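Peer 1: Fold the following for me, if possible:
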Amino acid sequence: MRRQLKNRNLYLMILSDTILFAIALTAAYLFRFEFRLDQVEISQIKTILVWLIPVKLIIFFSFEETLFTIQSGFNRKPFAF
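Peer 2: Down below sits the predicted model:
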């Protein structure tokens, strides 16, 4: 995992995923309210993004660590003496 943190593409992927998440949430609100957002809805979007993006990143990194551990277990040779 530490080797992954030095990879520049990881940060590019996280940034693009975060931007796409924010765009998708905003588009969902726009479709829901027929492209007319009041100040209340804009405030809700901002509040949701402030809370959900860190939660999303924490979950992403916890699954990344689990996935890395599982994949390293698959590389072992069975019955090696």
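Peer 1: For the helix or strand containing Met13, buried residues please.
Peer 2: Met13 is part of helix 8-32, with elements assigned from DSSP states H and E. For helix 8-32, a neighbour-count test (16 or more other CB atoms under 10 Å) marks 25, 29 as buried. For every residue, glycine as well, the C-beta is placed using N, CA and C.
Peer 1: Please name every helix or strand in contact with it.
Peer 2: Helix 8-32 sits against helix 39-74, with contacts defined as 3 or more CB pairs under 8 Å, 6 or more residues apart in numbering; DSSP states H and E.
Peer 1: avg pLDDT for the helix it packs on?
Peer 2: Averaged across helix 39-74, pLDDT comes to 79.
Peer 1: quick one on the thing from earlier: how far does the helix holding Met13 sit from its chain's centre?
Peer 2: Using CA atoms, centre = their mean, to the nearest Å, the mean C-alpha position of helix 8-32 is found 8 Å from that of the whole chain.
Peer 1: cool, stretch 43-52 as well?
Peer 2: Stretch 43-52 sits 15 Å away from the centroid of its parent chain (CA atoms, centre = their mean).
Peer 1: which residues touch that stretch?
Peer 2: 21-22, 25-26, 29, 37 (CB atoms under 8 Å, 6 or more residues apart in numbering).
Peer 1: ok, so of these, who is nearest Arg8?
Peer 2: Phe21 (20.5 Å; CB to CB).
Peer 1: Just to check, that closest one is in contact with Leu57?
Peer 2: No. Counting by CB atoms under 8 Å, Phe21 stays clear of Leu57, with 10.1 Å between them.
Peer 1: just to revisit the earlier point, now the helix holding Met13: average pLDDT?
Peer 2: What helix 8-32 shows for mean pLDDT is 90.
Peer 1: what's next to it, contact-wise?
Peer 2: Residues from elsewhere that reach helix 8-32 (CB under 8 Å, 6+ apart): 4, 37, 41, 44-45, 48-49, 52-53, 56-57, 60.
Peer 1: make it 7 Å
Peer 2: 4, 37, 41, 45, 48-49, 53, 56-57 (CB atoms under 7 Å, 6 or more residues apart in numbering).
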